[in-house]
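Colleague: Quick one: sequence and predicted model below, then my questions.
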Amino acid sequence: MKSFCRDTWVEVDLDAIRANLEAFKRHLPEKTGIMAVVKADGYGHGAVHVGKEALASGADSLAVALLDEALILRRAGITAPILVLGYTPVESIVTASELEVQLTAYSVEWITEANAILQKNDHKPVGIHVKTDTGMGRLGVRTKEDLLAVVSALEECSKLEWTGIFTHFACADEPDTTHVRRQHDLFQSFLQALREANKALPTVHCCNTAAAIAFPDWGYDTIRLGIGLYGLYPSLYMKERADVILAPALALKTKIAHVKKADEPFTVSYGATYSAQPDEWIATLPIGYADGYSRLLSNRGEVLYNGSRYPIAGRVCMDQIMVSLKSTEAAVNDEVVLYGKQGDEEITLDEIADLLGTINYEVPCMLNYRIPRLYLRDQKVTDVFHPLTMK
Ligand SMILES: Cc1ncc(COP(=O)(O)O)cc1O
């Protein structure tokens, strides 16, 4: 029996997740591992299912943005190393200790306070990756002096272990490599400063998807693989390089809830911005902006029906959209593809991102708790998870 009561769903192809990870394994030096980035609920694909598939396919560890995201993975039984990439309030250090999750740090004050909290009740030590800001301008130490001060502070801590050092690139997906090379040069000078201070380096990492594609020899101990794991390229330039071939893992599908043929002209949706003409078929689909299907697609987006493209008719509503099937007769329960392939046609997340004036990263992240996720292997549904009902 279906475990959800609506005819709109996301399909995640776990074979594509595996294939994408294996494509990067082939592209990278053998010694370089893969940290699968599954933050934002696996970029909207489902962090638990994607994380488990990535680990089963050869990833060595997982990364998330928030400690709460790591909690969900641990609750799902994932025991692999997990790194929290973002800022964690120091009061949460005990949770990190209990979950055995590694955190990011770059402040002597934070380190000192975190260690004191863990010492108070003799908690288990927490692994710390030191973040260096080489040009992202977001989090991290910016000078060798600050880096050495942070590492020295960690060495004084009985409850914190220095387990990694990393940086994050701001422009690795661009054809002009000036900025990314400058960042990598600075990162290398930080590593050299540590060596000169007789510090044994822990896990070293700097590459995101784009840098892993363009500079595989910068892989160091591991890369942080995000968008590429999901079969998406960080930029058109990266896609056109074609040195790592990826398969999109996500599709968004629905079924026609209502359909009618216009006998005479009538307007469609809020604001009456679309007028159906005689003999035009209008279908109503059970998805809207409250699901993360943007209202900016009103009168601009397209869907696939019977392998052909048809325009959204009128404004996207909170829970429903209407599409014009032109003169094509249709029936309730016929399947419609909103993102993905149908026949020879495909509506890509890149296309939707262009229509929305954003990047492909944001499009799957917008798909929220109201849409059940179906997980496929060999094109067959092997598992279902509905964020709304949590089962
Ligand atoms: C610190 C950090 N590291 C890595 C990623 C993954 O980037 P891609 O999705 O572009 O691979 C994100 C991130 O914020």
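Modeller: Everything's here; your move.

Colleague: Hmm, residue 84 and residue 70 touching each other?
Modeller: Yes: with contact taken as C-beta atoms under 8 Å, residue 70 and residue 84 are classed as touching, separated by 5.9 Å. Any C-beta I mention is one placed from the backbone N, CA and C, and that applies to glycine too.

Colleague: The two: who's more crowded?
Modeller: residue 70 (28 against 23; other C-beta atoms under 10 Å).

Colleague: how about that one, secondary structure?
Modeller: Three-state call for residue 70 (DSSP: H, G, I helix; E, B strand; the rest coil): helix.

Colleague: ok, it - contacts?
Modeller: For residue 70, the contact set (C-beta atoms under 8 Å, 6 or more residues apart in numbering) comprises 64, 82, 84, 96, 99, 101.

Colleague: joint contacts of residue 70 and residue 84?
Modeller: With contacts taken as C-beta under 8 Å, 6+ apart, the residues that reach both residue 70 and residue 84 are 64, 96, 101.

Colleague: Just the closest residue of this protein to the ligand, please.
Modeller: Closest approach between the chain and the ligand, counting by C-beta to the nearest ligand atom: residue 226, at 2.2 Å.

Colleague: do you know how far that residue is from residue 347?
Modeller: 22 Å (C-beta to C-beta, to the nearest Å).

Colleague: For these two, indicate the residue with more neighbours.
Modeller: Between residue 226 and residue 347, residue 226 has the larger neighbour count (other C-beta under 10 Å), namely 24 against 21.

Colleague: Could I get the contacting residues of that one?
Modeller: Residue 226 sits next to 37, 39, 43, 208-209, 361 when contact means C-beta under 8 Å, 6+ apart.

Colleague: Of those residues, which is the most crowded?
Modeller: For the contacts of residue 226, the largest number of neighbours (other C-beta under 10 Å) sits with residue 37, at 29 neighbours.

Colleague: Dump the contacts of residue 226 into a markdown table; add distance to the ligand, pLDDT and secondary structure as well.
Modeller: Formatted as a markdown table, those follow (distance: C-beta to the nearest ligand atom, whole Å; pLDDT from 0 to 100; DSSP: H, G, I helix; E, B strand; the rest coil):
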| residue | distance to the ligand | pLDDT | secondary structure |
| --- | --- | --- | --- |
| 37 | 4 | 99 | strand |
| 39 | 7 | 98 | helix |
| 43 | 7 | 98 | helix |
| 208 | 3 | 98 | coil |
| 209 | 3 | 98 | helix |
| 361 | 6 | 98 | coil |
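
Colleague: and the chain, which of its residues are near the ligand?
Modeller: By C-beta under 6 Å from any ligand atom, the part of the chain that sits against the ligand consists of 37, 85, 168, 208-210, 224-228, 234.

Colleague: In strands, which of these appear?
Modeller: 37, 224-225 (DSSP state E).

Colleague: Can you name every helix or strand that the host helix or strand of residue 40 contacts?
Modeller: When secondary structure is defined using DSSP states H and E, the element that contains residue 40 is helix 39-43. When contacts are defined as 3 or more C-beta pairs under 8 Å, 6 or more residues apart in numbering; DSSP states H and E, helix 39-43 packs onto helix 47-56, helix 67-75, helix 362-366.

Colleague: what helices or strands is the longest one leaning on?
Modeller: Contacts of helix 47-56 with other secondary structure elements, assessed using 3+ C-beta pairs under 8 Å, 6+ apart, are made with helix 14-27, strand 33-37, helix 39-43, strand 61-64, helix 67-75, strand 380-385.

Colleague: looking at these, which is closest to residue 299?
Modeller: Comparing the helices and strands packed on helix 47-56 by their distance to residue 299 (C-beta to C-beta), the top pick is helix 39-43, with 27.8 Å.

Colleague: to the chain's geometric centre, what's the distance from the closest one?
Modeller: Between the mean C-alpha location of helix 39-43 and the chain-wide mean there is a distance of 4 Å, by C-alpha atoms, centre = their mean, to the nearest Å.

Colleague: As PDB, could you dump the C-alpha coordinates of it?
Modeller: Once side chains and other backbone atoms are set aside, the C-alpha atoms of helix 39-43 remain, and they are given as PDB (Å, rounded to 0.1, in the frame of the first residue of the first chain):
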ATOM      1  CA  LYS A  39      23.800  18.900   3.700                       C
ATOM      2  CA  ALA A  40      20.400  20.500   3.100                       C
ATOM      3  CA  ASP A  41      18.800  17.000   3.200                       C
ATOM      4  CA  GLY A  42      21.100  15.700   0.500                       C
ATOM      5  CA  TYR A  43      20.500  18.800  -1.700                       C
END
